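Chemist: here is my input, please return the structure:
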Amino acid sequence: MSDNKNAKELRALSAADLTERMNELAAEGMKLRFQKATMQLNNTARVGQVRREIARIKTILAQRS
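Modeler: Okay, the predicted model is just below:
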């Protein structure tokens, strides 16, 4: 998947792009949780990265509204 984006890069995106990115990350997060539950997850740090990026997007969307 794509690399983590910092807040500056995320702020440059439109609200629709941010929402789409958040939905992609939510799907990835669910996939990672299933992998963790079945002991198939290799990169455990990715779960936290996905959660933090979702939080960044939610923060930016909240600041805009």
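
Chemist: my read: residue 53 touches residue 5, true?
Modeler: Yes: Residue 53 is within contact range of residue 5, at 6.8 Å (criterion: C-beta atoms under 8 Å). Placement of C-beta: from N, CA and C, glycine included.

Chemist: which other residues reach stretch 33-41?
Modeler: Identification of contacts with stretch 33-41 by C-beta atoms under 8 Å, 6 or more residues apart in numbering yields 32, 44, 47.

Chemist: of these, buried ones?
Modeler: 32, 47 (16 or more other C-beta atoms under 10 Å).

Chemist: circling back to that earlier point, who's more crowded, residue 53 and residue 5?
Modeler: Shown here are residue 53 and residue 5; by other C-beta atoms under 10 Å, residue 53 has more neighbours (22 against 15).

Chemist: for the more buried one, give its distance to residue 38.
Modeler: Using C-beta to C-beta, to the nearest Å, residue 53 is found at 23 Å from residue 38.

Chemist: ok, residue 25 next?
Modeler: With distances taken as C-beta to C-beta, residue 25 is found 21 Å from residue 38.

Chemist: and for residue 16?
Modeler: From residue 16 across to residue 38, the span is 34 Å (C-beta to C-beta).

Chemist: cool, residue 30 as well?
Modeler: Residue 30 sits at a distance of 13 Å from residue 38 (criterion: C-beta to C-beta).

Chemist: next, count neighbours for residue 30.
Modeler: 11.

Chemist: how far is whichever strand or helix holds it from where the chain is centred?
Modeler: Here residue 30 sits within helix 15-37, counting by DSSP states H and E. In terms of C-alpha atoms, centre = their mean, to the nearest Å, the centre of helix 15-37 is set 6 Å apart from its chain centre.

Chemist: show me what the following helix or strand past it packs onto, helices and strands only.
Modeler: Note on helix 15-37: by DSSP H and E, the next helix or strand toward the C-terminus is helix 45-64. Helices and strands touching helix 45-64, by 3 or more C-beta pairs under 8 Å, 6 or more residues apart in numbering; DSSP states H and E, are helix 7-11, helix 15-37.

Chemist: just name the most buried of those helices.
Modeler: Comparing the helices and strands packed on helix 45-64 on average neighbours per residue, with mean count of other C-beta atoms under 10 Å, the densest one is helix 15-37 at a mean of 14.
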